Structures are given as structure tokens and as C-alpha cells.
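**Q** Coordinates only, no sequence provided:
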């Protein structure tokens, strides 16, 4: 509908005047022509009133919208309050139901019957026998109490009668004493006693009526409050009653929530077990343990703890936790789940700051700071009379753990440090000023230097053995380590040890030296840390892993690597770094030998060596300042060197292997002779490759029936020509 007016000019009172016709809307929404004609002044006056009316209408509409919005918000708030009120009511109902169940269990031995049924379900005869004995003991105790009840009543009545008689006798004696002494009359004492009794009974009667009237309300309030508290502790309120305000609330970890989380995994054996109404068997009920809750559960038959551990993330969702906050491991049996659940957010900070960042030194005979257990307890790495093997997947904290141990050792002024890194990396460069031996690099000459240093260390082991005999001590003590008699502690780190051990030329000798040093060095105050990504039989001698009493295992891929780091049988006994999740559990390791436990899960301290946040250099500077006279232990000894071998000469080697050969020999038969001479230089050499190498040296090998014979005479002539050529070049 168009409500726009159009001005027109018409005669008014004999003169032309501008008038306005106002369209009017009909009830059907159609415009009709009005009969009224207005002048300009009349039109302005009329329109002014119309604008005021429109403004008032708009304000009324705005107020109406505000009221509607407020009413909507109020309804939402009332809905949330209603849910809360219903939730509180359901909590009370849950508490009453819990009381009912507990009363039923108490009268029928329900707790014991369920445990017996559960033990029978998993075929555990010992548990069945134990729970039967417990139930019989409780039954006998209850029967004995019931049989003793009449006798107890008799005793109580007898005590009451004696007490009453004693009170009467005492009153009579007091009355007689008062009468005899002249202080008063006997009848006055008796009357006073009766007056006191009359006052007491009157007071009781006076208060009895309001107490009787209020008793139902007081009792009801007490029951409601008690039931509410019981429901909070043991009851379960429907999830649809949860409000948004409770979305961030922590879930209480107890036997009920653990059972619900296990049920949510939908493992058939657990599902069927719980459907039969059987309770989970808790060998250790859920209890506070450091920064979290600990429980030990016997799983239904056919379910291993490892199966639960593999679904750690799924279990964490049922417990309202991050994956790294839930630690399911295998207990004393395959079917026993050892579960530790951190408080929400408790592990977010990791191990925290290294405790000696700002101040302090170390006595290595007492151990060095290493990290914190999941429970939040600081843990030291024991070093003396031990060796350490550290490993795990790349990027999980292996090198960082070795750095923490070596930093701690550096803070003991009597300690000597030796670090070998057969790789090009910056992880330990800042330690070089504090080291008596430091090698970094993967070149042959660097590996040769590592071998020379290990030979020197092997000789040091023997020398120290003679000193132990001289001083008649079985092992180096703090006293002798501080006497400067050549028995100060030595800490050696072979980082990326598999690179050195697998070196084609020096690896075999390095491996043998490591075996001898870790076997003999521990009592002589020589501690070796072997760090590797791949602790396999090919990359790490078994005698090295067997003689490392300290094991540090970050996330590993299989049970072989796990047992190489944590000891034979660790995986089958439930000590499994395979259950650590790469990335998620970065900086967390399973360690052995640090405490009295078979293994511990530890969050390792982190020391940064990045240029913009170097935390190690201040520690090294502090350790250097603590050295007597600034003298680095062991740095005054000359460094042993092994020259890198000169490259082999093919013609000279052929002349050597063909010394006793007078006739041409097939190239395919000559190649194995060269491989036997040097398995590294001539690895994978065959007849075809040998002919190609000779062709490069200018020696042509004829085919001769595809046998390609190599003539010793031709080789010697080529060798003589080579020698003559060298002489000519010298002139």
C-alpha cells in the first residue's frame, strides 16, 4: 500500500492554493481517497502530530522487544535453575537408594556374595576361598553378637539397678551426716532431693511438647542432608541434568568411574561381565597417590592389561582426562591392570624447572637431579658403581636426558667429563670447556679418535684396578675420590652409540672396548652413558646392555628395544616403554634402577641449549668456577690419536692375493680373495665390478670365453709401470 501524499493546486475561496490529499488504508490494505482537503499549514500541523504518534509507536515496540528478551532470558535461567533443583532432588533420591543398597548388603552379605560370584566368573579359586572365609567370619561374629544380646541386657539392667541403689544409699548417708552434724535436718535433705527431681521432670515436660512438634522436621531435614551427602559420594545422577556451569568440573576418580570407563571400551568380555551384575575386583581400591589416583584392578578372563593400555586414549575419554594423564600398565599378572590417573592438568607443566638452574653444586656419590615421577616426587639418577643406557625413538628426549645427567656430573668439582658424539649436532657443544675429551663428527678420523679415547679409558680402568689393590678398598669412595690420588669419578657419554659401533672399520673394536669398560669400570668410579636410537643386537652388544644397571627408555617401537633398555623380561613383566605414545609422551621415560621399584615413569627435566635460551652454559660456568684453580680434571693428559688409514691400492692388493698364483684366474674367483683381505674396502665385490675397477686403472681384462681371466703377470707389469710413473712425476 502506498501512503505517499501528492500535493495539488485547486481553487480555495476564489484563489489557487496548494492542498494535500492524504491516502488512507482500508481494512483490506487498499488505499482510498479521503474527502478532506488540507492547506499547507493544516497539513504541517496534522503531520507533526502523526510523527509524534509514530515515534511513540516505535518506542512502544522497542520496549516490547526488551521485555520479550528479558522474559526469554528469565525462562532460560529458570530452566537451568529447574534442572539444578531436579538434580539436587535426584541426588537425595540416589543417596536414599545407596542407603537401601547398603542396608540390603549388610543384612544379606551382598558385598561378599558379589565378590565370590566375580571370583567364580574368572575362575580364581584362591579369591573364592578367601571371600568365603571372610563371609563365614562375619557371619560368626554377627551370630555371636545376637546370642550375647540377652546377656548384655541383663548386664545393663544390673548396672542400672546397682547405680540406682548406690545413689539412694549416698543420699541417705548425706542426710544422716547433715542431721548428726547439726547442719540441718535429715528430712530437709530428702526434700531437697525430691525438689531437684521435680524441677528436672518439670523442665523436661516444659520442653517436651515443642521438641515433639519439631522432631519430625528436624529428623526429616537430617535425613535429607544425609541422603544428599550420600548421593554426592556414591550416587549417580542422570547426565541430562548436567548444566553448562558444571561442564568444566573435574570427574571424581573412584571405583565406579573406573568401571564405567572400562565398560565404555566395549570389550566383549568386560561388557558381558558387567551385564551379569558382577563387580570389578579391586586389588587396590582407588586412593589418592601424589598428583592423582591409583587403583589396581583384576580384569575379567580373556582381557589383558596390555589390551587396555593399547586403548589408552579411549580410556582417557571415559575418565575425562588427556591421554598423557592416564597411565594403564600391566601389574603382577597379565590380567591385572595397574592404573594411575593424574588430576586434571597436574602433568601440564612436565617436570618443572631444573632445580639447580640458579645455584648449587652436586655430590655425584649421592646422585644427580633427573626429573619427577608422575606422582610429583623429585627423583635422582644414581651414578656411582653403575652404568646407564638411554634410548628411544628420535625426538622423544633421549639426548636431553643424557644432557641432564652430564650437567649434574659437571656440577661436581671432582668429576671428569668425556663426551663423544659420532654425528654432526649441537646438543653437547656447550660442554666442551668442561670436558677432558670431546669429539663431535661422523668422519672416519673422528671415529678413529673415539676409538683412541676408548683405548685410553680402557688403560685407565686397568690402572685404577691397581690403585684399588694399593689402597685396599673394594670400590672408590667419596673419601678417595677427593684425595686427588687418581681415583676421581669419570663420566663418559657415547651419544648416538650405534653410529660408532656400526662403523665398518672401527665399530668392532669400539664395541669390544665398551664391553670391557662397563664390566670393570663401575667399581673404579667410571660411569659410562650409552645413548642410542636403536638398541638392537646389531647396534648394541648384549654385554653392554646387560651391564648397564640404569635403564632409560623413552617411547620405543617393540619389545626387543624395550628389553634392551629395561632388562630382559621387562616387557613380559609389564614394564613397557612401548606404551608411551611418541609425541604425546615426549620427555617422559620408563626408567629402571633409580629407586627400589622395578621401574618408574619419570618426566625428565629439560635443559635448553638453544642460542636464545641457553640454560646449560651458566651451569658450565658455575662448574668451572668451582674447580680448584680452574683446572679441568683429566685435561692435562696428552690426547691419544689414531691416524686415519691410507686408502688401499687395488694393484698392490691384487699382487698380494695372487702371490702364489702363476696362471690367469677368473675374475669371479679373484674378487672373494680381495674381500677376505679387507671386508670393508672390498665389500660386495664381484667379478664384474673388479673388471670395471681394473679398467679404470688402465688394465684390460680379456673375455676369453666369458671367464675374464686376470693374469698375475699383467698385474705386476701394471704395478711396475705405476711405480715408474710415480718416479717420473717426482723428477
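**A** Here it is on my side, so go on. Just so we're clear, the structure is a prediction, and the values are computed from it rather than from any experiment. Residues are numbered from 1 along each chain as shown.
**Q** contacts and neighbour counts: CA atoms only from here.
**A** Fine.
**Q** quick one: pLDDT of the residue nearest in space to the middle of the chain?
**A** Nearest to the geometric centre of the chain sits residue 324, at 5.1 Å (Cα atoms, centre = their mean). We note a pLDDT of 79 for residue 324 in this prediction.
**Q** Please apply the same query to residue 642.
**A** 57.
**Q** And for residue 716?
**A** For residue 716, pLDDT reads 83.
**Q** if we can go back for a sec, quick one: the residue nearest to the centre of the chain from residue 376, how far?
**A** 14 Å (Cα to Cα, to the nearest Å).
**Q** For residue 136, the count of nearby residues, please.
**A** Residue 136: 13 surrounding residues under other Cα atoms under 10 Å.
**Q** got the residue ranges for the helices in the stretch 551-700 of the chain?
**A** 559-566, 616-626, 650-657, 667-677, 687-696 (DSSP state H, counting those that start in this stretch).
**Q** if we look at the fourth one, which residues are touching it?
**A** Think helix 667-677. Applying Cα atoms under 8 Å, 6 or more residues apart in numbering, the external contacts of helix 667-677 come out as 653-654, 657, 681-688, 690-691, 707-710.
**Q** how about 6 Å then?
**A** 682-683, 685-687, 708-710 (Cα atoms under 6 Å, 6 or more residues apart in numbering).
**Q** Correct me if wrong, but residue 527 is in a strand.
**A** Yes - membership of residue 527 in a strand is supported by DSSP: H, G, I helix; E, B strand; the rest coil.
**Q** pretty sure it contacts residue 491?
**A** Yes - counting by Cα atoms under 6 Å, residue 527 touches residue 491, with 4.9 Å between them.
**Q** Buried ones from the contacts of helix 667-677, can you make that a PyMOL selection?
**A** The buried residues among these can be selected in PyMOL (16 or more other Cα atoms under 10 Å) with this line:
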select buried, resi 682+685+686+687+708+709+710
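**Q** before we move on, back to that, part of a strand, is the residue nearest to the centre of the chain?
**A** No - read with three-state DSSP, residue 324 is helix and lies in no strand.
**Q** can you list the residues that contact stretch 454-474?
**A** So stretch 454-474 is contacted by residue 521 (Cα under 6 Å, 6+ apart).
**Q** Just the element for residue 365, please.
**A** In this assignment (DSSP states H and E), residue 365 forms part of neither any helix nor any strand.
**Q** Same question for residue 404.
**A** In this assignment (DSSP H and E), residue 404 forms part of helix 398-410.
**Q** report the angle between the axes of that helix and helix 616-626?
**A** 20 degrees (axes from the mean of the first three to the mean of the last three Cα atoms, to 10 degrees).
**Q** how far out from the middle of the chain is helix 398-410?
**A** 20 Å (Cα atoms, centre = their mean, to the nearest Å).
**Q** and what of stretch 326-335?
**A** The answer for stretch 326-335 is 15 Å, by Cα atoms, centre = their mean.
**Q** buried ones in that stretch?
**A** Residues 326-331, 334-335 are the ones in stretch 326-335 that count as buried (16+ other Cα under 10 Å).
**Q** Touching the following helix or strand past the helix holding residue 404 from outside, list them.
**A** Sequence-wise, the next helix or strand downstream of helix 398-410 (DSSP H and E) is strand 416-421. When contacts are defined by Cα under 6 Å, 6+ apart, strand 416-421 is touched by residues 435-440, 490-495, 633.
**Q** Name the strands paired with strand 416-421 and say parallel or antiparallel.
**A** strand 435-440 (parallel), strand 490-494 (parallel) (DSSP bridges).
**Q** Nearest to residue 266 among the ones you listed would be which one?
**A** For these, the distance to residue 266 is smallest for strand 490-494, at 46.8 Å, taking Cα to Cα.
**Q** Averaged pLDDT, the closest one. What do you get?
**A** The pLDDT scores in strand 490-494 average 96.
**Q** what separates residue 526 from residue 481, distance-wise?
**A** Counting by Cα to Cα, the gap from residue 526 to residue 481 is 11 Å.
**Q** Just want to know which of these two has more residues nearby.
**A** Shown here are residue 526 and residue 481; by other Cα under 10 Å, residue 526 has more neighbours (28 against 18).
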